[in-house]
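Novice: Mind folding the following:
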Amino acid sequence: MKVNDIEMFLNEVFPKENAMSYDNTGLIAGDREKIVSAVVLSLDLTAKAIETAKNAGANLIITHHPIIFSGIKTLTLDDATGRTLANLVKSGISVISCHTNLDMTNEFGNLAIADKLEAENPKSVEGVECGVVYDIVTIDLMTLREYCRFVAEKLGSSGIITINNPENIVRRVFVQGGAFDEDSIPGVIKCGADTVVSGEIKHHVCVALEQMGINTVIAGHSATEQAYLPKLRQLLSEKYPGIEFTVNYNNEVPSIL
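Specialist: You can find the predicted model right below:
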């Protein structure tokens, strides 16, 4: 199995045309004709991810975030990006990225987060490109304080930020991994969500949502998106049973994944 074969399969599942215009997806660096020995899955291309690949005997890393978003003018050891790319090339490792094209596929993005949060019947939201909504189904009402603790535990977050009254009741939750898109606000209001969970939410957006009676729960970009990796590993392992797939988690390591 070649690097190119895996890139083509990923493009079938996460079509490049679904990616945002600013994004950079597909093969970022490496040799597409190289036979794949083993693969590491990682949110980011870091020195730790490359070291994990070396230890696993892997010559391909699949990341969510691309290390190169736009053109670069130099490749030197003077900066972190240059050193990382030099280490990658020197080690004979290729890297493929699936970013916003994966985000737009709720099954492997926001539904994976909702599953970690034990959601029942999460659904896509009309008018929102990326995100799902679901109701909290419990016998006892859950306060925002309790829900923040629940989110931190289930996503393995190192901390939760909210500006809202911790005694507010959480009934309907909208989940959008990574960073919250302000364009989603009309859809969030229309679907009746009283709480938004995301990895990052700008402060002025939190304030605006609070004025609308909507809670915001900021769980961390890494913590929300690391939920994608096990599902991606399962998909690839079933497609390529002869290849070993290893997940490299960021420093925020969710033990429950």
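Novice: switch to C-alpha atoms for all contacts and neighbour counts from now on
Specialist: OK.
Novice: Now Ser124, what are its backbone angles?
Specialist: Here is the backbone geometry of Ser124 (degrees, to the nearest 10): phi -70, psi 160.
Novice: Tell me the bridge partners for it.
Specialist: Val132 (DSSP bridges).
Novice: gap between it and Asp140?
Specialist: 26 Å (C-alpha to C-alpha, to the nearest Å).
Novice: Check Val39 too.
Specialist: Going from Val39 to Asp140 by C-alpha to C-alpha gives 44 Å.
Novice: Name the residue in those two with the higher neighbour count.
Specialist: Neighbour totals were compared for Val39 and Asp140, and Val39 leads with 26 against 6 (other C-alpha atoms under 10 Å).
Novice: Please parse this protein into its domains.
Specialist: Per automatic domain parsing, the structural domains of the chain span 3-103+227-247, 110-221.
Novice: End to end on the first one, go ahead and measure it.
Specialist: So that's domain 3-103+227-247. Start-to-end, domain 3-103+227-247 (C-alpha to C-alpha) is 18 Å.
Novice: And the last one, by the same measure?
Specialist: Using C-alpha to C-alpha, the end-to-end distance of domain 110-221 comes to 13 Å.
Novice: so how far is it from its chain's centroid?
Specialist: Distance, stretch centre to chain centre, for domain 110-221: 15 Å (C-alpha atoms, centre = their mean, to the nearest Å).
Novice: coming back round to it: mind giving me JSON lines with the domains of the chain and columns for mean pLDDT?
Specialist: Formatted as JSON lines, the domains of the chain follow (pLDDT from 0 to 100):
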{"stretch": "domain 3-103+227-247", "mean pLDDT": "93"}
{"stretch": "domain 110-221", "mean pLDDT": "95"}
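Novice: Helices of this protein, start to end?
Specialist: 3-13, 47-56, 80-90, 100-103, 110-116, 144-155, 185-190, 203-211, 221-225, 228-239 (DSSP state H).
Novice: Please convert the ones you listed to a markdown table, extending it with distance to Gln176 and mean neighbour count.
Specialist: Below are the helices of the chain laid out as a markdown table (distance: least, C-alpha to C-alpha, whole Å; neighbours: other C-alpha atoms under 10 Å):
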| stretch | distance to Gln176 | mean neighbour count |
| --- | --- | --- |
| helix 3-13 | 20 | 17 |
| helix 47-56 | 25 | 18 |
| helix 80-90 | 28 | 17 |
| helix 100-103 | 9 | 24 |
| helix 110-116 | 6 | 24 |
| helix 144-155 | 13 | 19 |
| helix 185-190 | 11 | 16 |
| helix 203-211 | 14 | 15 |
| helix 221-225 | 9 | 25 |
| helix 228-239 | 12 | 17 |
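Novice: need the ones you listed in TSV with distance to Asn165, can you?
Specialist: Listed next are those as TSV, based on distance: least, C-alpha to C-alpha, whole Å:
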stretch	distance to Asn165
helix 3-13	41
helix 47-56	39
helix 80-90	41
helix 100-103	30
helix 110-116	23
helix 144-155	7
helix 185-190	19
helix 203-211	10
helix 221-225	23
helix 228-239	30
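Novice: Nearest approach to Cys130 belongs to which of these?
Specialist: Comparison of those against Cys130 by C-alpha to C-alpha identifies helix 100-103 as nearest, at 6.7 Å.
Novice: From the rest of the structure, what touches the closest one?
Specialist: 14-20, 23, 25, 64, 108-110, 130 (C-alpha atoms under 8 Å, 6 or more residues apart in numbering).
Novice: if we take these, which one ends up nearest to Ser94?
Specialist: Ser94 has its nearest neighbour among the contacts of helix 100-103 in Thr25, at 13.3 Å by C-alpha to C-alpha.
Novice: right, and that closest one touches Thr63 too?
Specialist: No: using C-alpha atoms under 8 Å, Thr25 is not in contact with Thr63, being 9.6 Å away.
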